[in-house]
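Peer 1: model the structure of this input:
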Amino acid sequence: MNVSERIRLFRQRKNWTQEEVAEQLKMSPNGYGSIERGTTEITLRRLEQLAEIFGISLAELLNIDGKFVFSQGDNHSNNNNHFSVNNQPTTELEYKYQLEKQSIIIQKLEQEITYLKEIITLLKKET
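Peer 2: Numbering: from 1, shown residues only. Have a look, this model is predicted:
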């Protein structure tokens, strides 16, 4: 599943039309449709806007099965705001989002550890 498919999936989960999302993004429905079809490059700012609209983190929007899925689209370009599908982070921005993803994973694991410690404490009290 590529990013345009993920964007469509998150929109459908909200039961929104393309027109409704386009309106929130202040863009034409055709322009937004091009994003979902994957026929246009998407900027980092637009990805951030989509994540905000869907109520998810940018890391969640950019990840599939725990893998970072974007890298610099044009290695000859100095513009770090456009991305295409790839499995390896290659720009500073990509490493930033990879770090954000890892921070979220660590936070969830710390919560699980706390929960498991509470269970251990309760089990010790019962014996």
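
Peer 1: residues touching I104, list them.
Peer 2: S57, A59 (CB atoms under 8 Å, 6 or more residues apart in numbering). For glycine as for every other residue, the C-beta is placed from the backbone atoms N, C-alpha and C.

Peer 1: next, the buried residues of the strand or helix carrying it.
Peer 2: Using DSSP states H and E, I104 falls within helix 92-126. The neighbour-count criterion (16 or more other CB atoms under 10 Å) identifies E94, Y97, Q98, E100, K101 as the buried residues of helix 92-126.

Peer 1: stretch 29-43 too?
Peer 2: Y32, G33, S34, I35, E36, G38, I42.

Peer 1: that one: how far from the chain's middle?
Peer 2: Relative to the centre of its chain, stretch 29-43 is centred 16 Å away, using CA atoms, centre = their mean, to the nearest Å.

Peer 1: between the two ends of that stretch, how far is it?
Peer 2: End-to-end distance for stretch 29-43, by CA to CA, to the nearest Å: 17 Å.

Peer 1: give me phi/psi at T43?
Peer 2: phi -80, psi 160 (degrees, to the nearest 10).

Peer 1: now do it against Q98, distance only.
Peer 2: Taking CB to CB, to the nearest Å as the measure, T43 falls 19 Å from Q98.

Peer 1: then S57?
Peer 2: 13 Å.

Peer 1: likewise for T17?
Peer 2: Taken as CB to CB, the span from T17 to Q98 is 33 Å.

Peer 1: next one: E126
Peer 2: 42 Å.

Peer 1: what of R45?
Peer 2: In terms of CB to CB, R45 sits 19 Å off from Q98.

Peer 1: lowest-confidence helix or strand of this protein?
Peer 2: Lowest on mean pLDDT, DSSP states H and E among the helices and strands of the chain sits strand 70-72, with a mean of 38.

Peer 1: in terms of helices and strands, where is the residue nearest to E100 when sequence neighbours are not counted?
Peer 2: Nearest residue to E100 in three dimensions, chain neighbours excluded: A59, at 4.6 Å (CB to CB, 6 or more residues apart in numbering). Assigned by DSSP H and E, A59 belongs to helix 58-62.
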